[in-house]
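# Can you look at this prediction? I've put the sequence above it.
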Amino acid sequence: MLTEISRKFTPDGMRGLLEAAGFRWCRHEEAANGYFSLALAAPA
């Protein structure tokens, strides 16, 4: 059973994927240590 898929994205790469899927990039926050980030997107 597959329970997790770990992928690494750059902010620019994630923005491109979101915009290609019909979303607009709203905000991006990254942990100080760089271990994770959070992107907020909304329908375009």
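All right, it came through fine.

# When you work out contacts or count neighbours from here on, use the C-alpha atoms and nothing else.
Will do.

# Please point out which parts of stretch 7-21 sit buried.
Across stretch 7-21, burial judged by 16 or more other C-alpha atoms under 10 Å covers 15, 18.

# pLDDT on it, on average?
Averaged over stretch 7-21, pLDDT sits at 93.

# Can you name the residues in contact with that stretch?
Contact with stretch 7-21 is made by 24-25, 28, 41, 44, as judged by C-alpha atoms under 8 Å, 6 or more residues apart in numbering.

# can we see that at 7 Å?
With contact meaning C-alpha atoms under 7 Å, 6 or more residues apart in numbering, stretch 7-21 is reached by 24-25.

# ditto for stretch 24-37
15, 18, 38-44.

# Just the endpoints, please. Distance across stretch 2-16?
Terminal residues of stretch 2-16 are spaced 27 Å apart (C-alpha to C-alpha, to the nearest Å).

# for stretch 17-28, same thing?
Between where stretch 17-28 begins and where it ends, there is a gap of 14 Å, by C-alpha to C-alpha.

# Same question for stretch 18-34.
Its start and end residues considered, stretch 18-34 measures 21 Å (C-alpha to C-alpha).

# Residue 14: which element?
helix 11-20 (DSSP states H and E).
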